[in-house]
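*Asks:* Need a 3D model of the sequence below.
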Amino acid sequence: MPKSTVSFNSNHAMNIIGIIPSRYASTRFPGKPLALIRGKSMIQRVYEQAKKTKKLARVIVATDDERIASHVMSFGGEAVTTAASHLNGTSRCLEVIERPQFQSAEAVINIQGDEPFINPVQIDQLAELFADQQTDIATMATIISDNDELFDSNTVKVVIDQNSFALYFSRQAIPFNRMLHPDQWIENHHYLKHIGIYGYRTTVLKKITALPPSPLENSEKLEQLRWLENGFKIKIKTTDFESISIDTPADLEKILHKI
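*Replies:* Numbers count the residues shown, from 1 in each chain. I've put the predicted structure just below:
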(Lines give C-alpha, C1' and ligand atoms only; values in the text may rest on other atoms or scores of the structure.)
Protein backbone atom coordinates (compact mmCIF):
# COMPACT_ATOMS: atom_id res chain seq x y z
CA MET A 1 0.00 0.00 0.00
CA PRO A 2 1.40 3.47 -0.85
CA LYS A 3 2.71 5.52 2.06
CA SER A 4 0.15 8.29 1.79
CA THR A 5 -3.11 6.41 1.50
CA VAL A 6 -5.53 4.36 3.56
CA SER A 7 -7.20 1.37 1.95
CA PHE A 8 -10.89 2.05 1.57
CA ASN A 9 -11.59 -1.22 -0.17
CA SER A 10 -9.76 -3.39 -2.66
CA ASN A 11 -10.50 -0.97 -5.51
CA HIS A 12 -10.01 2.38 -3.82
CA ALA A 13 -7.24 4.12 -1.89
CA MET A 14 -8.36 7.08 0.17
CA ASN A 15 -6.74 10.50 -0.09
CA ILE A 16 -6.45 11.96 3.42
CA ILE A 17 -4.79 15.27 4.28
CA GLY A 18 -3.79 16.75 7.63
CA ILE A 19 -4.66 20.37 8.39
CA ILE A 20 -3.20 22.26 11.34
CA PRO A 21 -5.37 25.34 12.06
CA SER A 22 -3.16 28.02 13.57
CA ARG A 23 -3.90 31.60 14.66
CA TYR A 24 -1.69 34.21 16.23
CA ALA A 25 -4.24 36.09 18.34
CA SER A 26 -4.87 33.57 21.12
CA THR A 27 -6.53 35.25 24.12
CA ARG A 28 -4.60 33.28 26.73
CA PHE A 29 -1.33 33.00 24.81
CA PRO A 30 -0.83 35.53 21.98
CA GLY A 31 1.71 34.33 19.42
CA LYS A 32 1.55 30.79 20.75
CA PRO A 33 2.37 29.03 17.43
CA LEU A 34 5.70 30.86 17.27
CA ALA A 35 6.67 30.22 20.91
CA LEU A 36 10.00 28.41 21.10
CA ILE A 37 10.38 24.98 22.65
CA ARG A 38 14.06 24.04 22.88
CA GLY A 39 14.96 26.04 19.79
CA LYS A 40 11.97 25.11 17.60
CA SER A 41 8.63 26.87 17.37
CA MET A 42 5.53 25.10 18.57
CA ILE A 43 4.02 25.03 15.08
CA GLN A 44 7.20 23.54 13.61
CA ARG A 45 7.15 20.76 16.19
CA VAL A 46 3.49 19.97 15.45
CA TYR A 47 4.15 20.02 11.71
CA GLU A 48 7.18 17.74 11.93
CA GLN A 49 5.31 15.23 14.08
CA ALA A 50 2.41 15.20 11.62
CA LYS A 51 4.79 14.66 8.69
CA LYS A 52 6.00 11.44 10.31
CA THR A 53 2.62 9.81 9.72
CA LYS A 54 2.16 7.07 7.14
CA LYS A 55 -1.45 7.80 6.20
CA LEU A 56 -1.50 11.47 5.16
CA ALA A 57 -0.99 12.60 1.60
CA ARG A 58 -0.19 16.19 2.68
CA VAL A 59 0.10 18.28 5.83
CA ILE A 60 -0.94 21.94 5.64
CA VAL A 61 -0.88 24.74 8.20
CA ALA A 62 -3.99 26.91 7.83
CA THR A 63 -3.46 30.34 9.35
CA ASP A 64 -4.84 33.87 9.25
CA ASP A 65 -1.48 35.41 10.07
CA GLU A 66 1.33 36.14 7.61
CA ARG A 67 3.96 35.77 10.34
CA ILE A 68 2.94 32.17 10.91
CA ALA A 69 2.63 31.41 7.19
CA SER A 70 6.09 32.86 6.47
CA HIS A 71 7.62 30.96 9.37
CA VAL A 72 6.13 27.65 8.22
CA MET A 73 7.45 28.16 4.70
CA SER A 74 10.88 29.11 6.11
CA PHE A 75 11.36 25.62 7.55
CA GLY A 76 10.03 23.94 4.41
CA GLY A 77 6.45 23.45 5.51
CA GLU A 78 3.26 24.00 3.51
CA ALA A 79 0.97 26.84 4.61
CA VAL A 80 -2.17 28.51 3.30
CA THR A 81 -3.60 31.83 4.45
CA THR A 82 -7.24 31.72 5.51
CA ALA A 83 -9.79 34.30 6.63
CA ALA A 84 -9.49 35.85 10.09
CA SER A 85 -13.23 35.47 10.71
CA HIS A 86 -13.23 31.74 11.58
CA LEU A 87 -14.55 30.95 15.05
CA ASN A 88 -12.99 27.48 15.18
CA GLY A 89 -10.58 25.11 13.47
CA THR A 90 -13.40 23.15 11.85
CA SER A 91 -14.52 26.04 9.64
CA ARG A 92 -10.88 26.93 8.89
CA CYS A 93 -10.39 23.36 7.61
CA LEU A 94 -13.44 23.77 5.39
CA GLU A 95 -11.98 26.88 3.76
CA VAL A 96 -8.84 24.90 2.91
CA ILE A 97 -10.59 21.94 1.31
CA GLU A 98 -12.71 24.27 -0.81
CA ARG A 99 -9.53 25.51 -2.55
CA PRO A 100 -9.10 23.90 -5.98
CA GLN A 101 -5.72 22.33 -5.10
CA PHE A 102 -7.22 20.40 -2.18
CA GLN A 103 -10.55 19.27 -3.62
CA SER A 104 -9.29 15.76 -4.30
CA ALA A 105 -9.06 15.14 -0.55
CA GLU A 106 -11.66 12.67 0.68
CA ALA A 107 -11.01 13.13 4.38
CA VAL A 108 -9.30 15.64 6.64
CA ILE A 109 -7.54 15.16 9.97
CA ASN A 110 -7.81 18.35 12.04
CA ILE A 111 -4.53 18.40 13.98
CA GLN A 112 -4.32 20.65 17.03
CA GLY A 113 -1.64 23.31 16.68
CA ASP A 114 -0.88 23.39 20.40
CA GLU A 115 0.16 19.75 20.83
CA PRO A 116 3.88 19.81 19.90
CA PHE A 117 4.50 16.23 20.99
CA ILE A 118 1.53 14.56 19.33
CA ASN A 119 2.32 10.96 18.47
CA PRO A 120 2.20 10.31 14.69
CA VAL A 121 0.79 6.84 15.39
CA GLN A 122 -2.25 8.53 16.93
CA ILE A 123 -2.90 10.41 13.69
CA ASP A 124 -2.53 7.18 11.69
CA GLN A 125 -4.96 5.39 13.99
CA LEU A 126 -7.51 8.12 13.39
CA ALA A 127 -7.03 7.98 9.61
CA GLU A 128 -7.55 4.21 9.62
CA LEU A 129 -11.09 4.64 10.96
CA PHE A 130 -12.19 5.84 7.53
CA ALA A 131 -11.66 2.31 6.18
CA ASP A 132 -15.14 1.78 7.66
CA GLN A 133 -17.53 3.29 5.12
CA GLN A 134 -20.02 4.12 7.89
CA THR A 135 -17.55 6.53 9.51
CA ASP A 136 -18.59 10.15 8.95
CA ILE A 137 -16.37 11.62 11.66
CA ALA A 138 -13.48 10.01 13.52
CA THR A 139 -12.12 10.84 16.94
CA MET A 140 -10.35 9.21 19.88
CA ALA A 141 -10.74 8.26 23.51
CA THR A 142 -8.62 6.80 26.26
CA ILE A 143 -9.55 4.80 29.36
CA ILE A 144 -9.94 6.88 32.52
CA SER A 145 -7.95 5.57 35.49
CA ASP A 146 -8.47 8.37 37.99
CA ASN A 147 -11.64 9.14 39.94
CA ASP A 148 -10.97 12.87 40.03
CA GLU A 149 -10.80 12.90 36.23
CA LEU A 150 -13.96 10.80 35.93
CA PHE A 151 -16.00 13.30 37.93
CA ASP A 152 -14.32 16.44 36.56
CA SER A 153 -16.77 18.36 34.36
CA ASN A 154 -13.84 19.63 32.27
CA THR A 155 -13.11 16.04 31.24
CA VAL A 156 -15.45 14.99 28.44
CA LYS A 157 -16.64 11.41 28.61
CA VAL A 158 -17.99 9.29 25.77
CA VAL A 159 -19.96 6.05 25.60
CA ILE A 160 -19.80 3.85 22.51
CA ASP A 161 -21.77 1.03 20.92
CA GLN A 162 -20.48 -2.44 20.07
CA ASN A 163 -19.07 -1.16 16.77
CA SER A 164 -17.17 1.70 18.47
CA PHE A 165 -19.53 4.44 17.31
CA ALA A 166 -20.31 7.21 19.80
CA LEU A 167 -23.67 7.04 21.54
CA TYR A 168 -23.21 10.18 23.62
CA PHE A 169 -20.62 12.64 24.95
CA SER A 170 -21.01 14.28 28.33
CA ARG A 171 -19.27 16.29 31.01
CA GLN A 172 -20.95 13.98 33.50
CA ALA A 173 -19.56 10.55 34.38
CA ILE A 174 -21.41 8.19 32.04
CA PRO A 175 -22.72 5.54 32.24
CA PHE A 176 -24.22 5.96 35.70
CA ASN A 177 -23.77 2.75 37.70
CA ARG A 178 -26.86 2.34 39.82
CA MET A 179 -25.65 -0.69 41.76
CA LEU A 180 -22.29 0.64 42.97
CA HIS A 181 -20.88 3.52 44.98
CA PRO A 182 -19.16 6.03 42.66
CA ASP A 183 -15.77 5.15 44.18
CA GLN A 184 -16.18 1.66 42.67
CA TRP A 185 -17.24 2.68 39.17
CA ILE A 186 -13.78 2.69 37.57
CA GLU A 187 -13.04 -0.78 38.94
CA ASN A 188 -16.11 -2.23 37.23
CA HIS A 189 -16.33 -0.41 33.89
CA HIS A 190 -14.01 1.09 31.28
CA TYR A 191 -14.93 4.77 31.35
CA LEU A 192 -13.69 6.64 28.28
CA LYS A 193 -12.23 10.14 28.14
CA HIS A 194 -12.67 11.91 24.83
CA ILE A 195 -9.49 13.18 23.14
CA GLY A 196 -10.31 16.18 20.98
CA ILE A 197 -8.65 15.34 17.69
CA TYR A 198 -11.04 14.88 14.76
CA GLY A 199 -11.11 13.53 11.26
CA TYR A 200 -13.92 14.26 8.80
CA ARG A 201 -14.95 13.01 5.40
CA THR A 202 -14.82 16.15 3.29
CA THR A 203 -18.44 15.71 2.21
CA VAL A 204 -19.43 15.57 5.89
CA LEU A 205 -17.28 18.54 6.87
CA LYS A 206 -19.18 20.69 4.38
CA LYS A 207 -22.48 19.64 5.96
CA ILE A 208 -21.64 19.94 9.65
CA THR A 209 -20.22 23.46 9.34
CA ALA A 210 -23.61 24.60 8.04
CA LEU A 211 -25.56 23.17 10.99
CA PRO A 212 -27.07 25.50 13.61
CA PRO A 213 -26.35 24.87 17.32
CA SER A 214 -28.48 22.07 18.76
CA PRO A 215 -30.27 21.67 22.13
CA LEU A 216 -27.87 19.04 23.50
CA GLU A 217 -24.86 21.07 22.37
CA ASN A 218 -26.23 24.17 24.08
CA SER A 219 -26.74 22.19 27.28
CA GLU A 220 -23.33 20.52 27.51
CA LYS A 221 -21.38 23.05 25.41
CA LEU A 222 -19.98 20.23 23.25
CA GLU A 223 -20.02 20.75 19.48
CA GLN A 224 -19.91 17.02 18.72
CA LEU A 225 -23.42 16.63 20.17
CA ARG A 226 -24.69 18.81 17.31
CA TRP A 227 -23.33 16.24 14.89
CA LEU A 228 -24.87 13.29 16.75
CA GLU A 229 -28.23 15.03 16.98
CA ASN A 230 -28.20 15.46 13.22
CA GLY A 231 -27.52 11.77 12.58
CA PHE A 232 -23.81 11.75 11.76
CA LYS A 233 -21.88 8.68 12.85
CA ILE A 234 -18.77 9.33 14.95
CA LYS A 235 -16.31 6.44 15.11
CA ILE A 236 -14.12 6.21 18.21
CA LYS A 237 -10.62 4.75 18.40
CA THR A 238 -9.55 3.83 21.92
CA THR A 239 -5.87 4.63 22.29
CA ASP A 240 -3.11 4.53 24.89
CA PHE A 241 -1.65 7.79 23.60
CA GLU A 242 -2.65 11.06 25.22
CA SER A 243 -1.18 14.30 23.87
CA ILE A 244 -0.22 17.28 25.99
CA SER A 245 -1.77 20.57 24.89
CA ILE A 246 -0.25 23.95 25.71
CA ASP A 247 -2.92 26.57 26.39
CA THR A 248 -1.01 29.18 28.41
CA PRO A 249 2.56 30.40 28.99
CA ALA A 250 2.44 28.55 32.33
CA ASP A 251 1.74 25.28 30.46
CA LEU A 252 4.79 25.94 28.29
CA GLU A 253 6.98 26.50 31.35
CA LYS A 254 5.88 23.16 32.78
CA ILE A 255 6.73 21.42 29.52
CA LEU A 256 10.18 23.04 29.33
CA HIS A 257 11.01 21.63 32.75
CA LYS A 258 10.09 18.11 31.63
CA ILE A 259 12.02 17.86 28.36
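*Asks:* How far away from the center of its chain is stretch 237-246?
*Replies:* 10 Å (Cα atoms, centre = their mean, to the nearest Å).
*Asks:* Which parts of the stretch 101-250 of the chain are helices?
*Replies:* For the stretch 101-250 of the chain, applying DSSP state H, counting those that start in this stretch gives helices covering 120-128, 147-150, 185-188, 202-208, 215-220, 224-229, 249-258.
*Asks:* Minimum distance to T82: which of the ones you listed has it?
*Replies:* Closest approach to T82 among the helices of the stretch 101-250 of the chain is made by helix 202-208 (14.3 Å; Cβ to Cβ). Backbone N, C-alpha and C define where each C-beta goes, glycine included.
*Asks:* one step back: and the helices of the stretch 101-250 of the chain, which one averages the lowest pLDDT?
*Replies:* Least confident of the helices of the stretch 101-250 of the chain, judged by mean pLDDT, is helix 249-258 with a mean of 82.
*Asks:* other SSEs contacting that helix?
*Replies:* strand 36-37 (3 or more Cβ pairs under 8 Å, 6 or more residues apart in numbering; DSSP states H and E).
*Asks:* residues contacting the one residue sitting closest to the centre of the chain?
*Replies:* By Cα atoms, centre = their mean, the mean C-alpha position of the chain lies nearest to I197, the distance being 1.5 Å. Going by Cβ atoms under 8 Å, 6 or more residues apart in numbering, I197 touches I109, N110, I111, Q112, I118, Q122, I123, L126, T139, M140, S243.
*Asks:* Including mean neighbour count and distance to Q103, could the helices of the stretch 101-250 of the chain go into a markdown table?
*Replies:* Shown next, in a markdown table, are those (neighbours: other Cβ atoms under 10 Å; distance: least, Cβ to Cβ, whole Å):
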| stretch | mean neighbour count | distance to Q103 |
| --- | --- | --- |
| helix 120-128 | 21 | 19 |
| helix 147-150 | 14 | 41 |
| helix 185-188 | 14 | 46 |
| helix 202-208 | 17 | 8 |
| helix 215-220 | 14 | 29 |
| helix 224-229 | 20 | 22 |
| helix 249-258 | 12 | 37 |
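*Asks:* Mind putting these into JSON lines with distance to G39?
*Replies:* Output for the helices of the stretch 101-250 of the chain, formatted as JSON lines (distance: least, Cβ to Cβ, whole Å):
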{"stretch": "helix 120-128", "distance to G39": "21"}
{"stretch": "helix 147-150", "distance to G39": "33"}
{"stretch": "helix 185-188", "distance to G39": "40"}
{"stretch": "helix 202-208", "distance to G39": "35"}
{"stretch": "helix 215-220", "distance to G39": "41"}
{"stretch": "helix 224-229", "distance to G39": "36"}
{"stretch": "helix 249-258", "distance to G39": "11"}
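*Asks:* Tell me which of these approaches K237 most closely.
*Replies:* Using Cβ to Cβ, the nearest of the helices of the stretch 101-250 of the chain to K237 is helix 120-128, at 5.0 Å.
*Asks:* where along the stretch 1-150 of the chain do the strands fall?
*Replies:* Assigned by DSSP state E, counting those that start in this stretch, the stretch 1-150 of the chain shows strands spanning 5-9, 12-22, 36-37, 40-41, 58-63, 79-81, 107-110, 137-143.
*Asks:* Of those strands, which is nearest E48?
*Replies:* When these are compared (using Cβ to Cβ), the closest one is strand 40-41, at 7.9 Å.
*Asks:* Centre of the chain to that closest one, how far?
*Replies:* Its chain's C-alpha centre and that of strand 40-41 lie 21 Å apart, by Cα atoms, centre = their mean.
*Asks:* List the pairing partners of it within its sheet, with orientation.
*Replies:* Here strand 40-41 has these sheet partners by DSSP bridges: strand 36-37 (antiparallel).
*Asks:* And the pLDDT at A62?
*Replies:* For A62, the pLDDT comes out at 97.
*Asks:* I figured L205 hits I97, correct?
*Replies:* Yes. Using Cβ atoms under 8 Å, L205 makes contact with I97 at a distance of 6.7 Å.
*Asks:* which neighbours do these two share?
*Replies:* With Cβ under 8 Å, 6+ apart as the test, L205 and I97 both reach V108.
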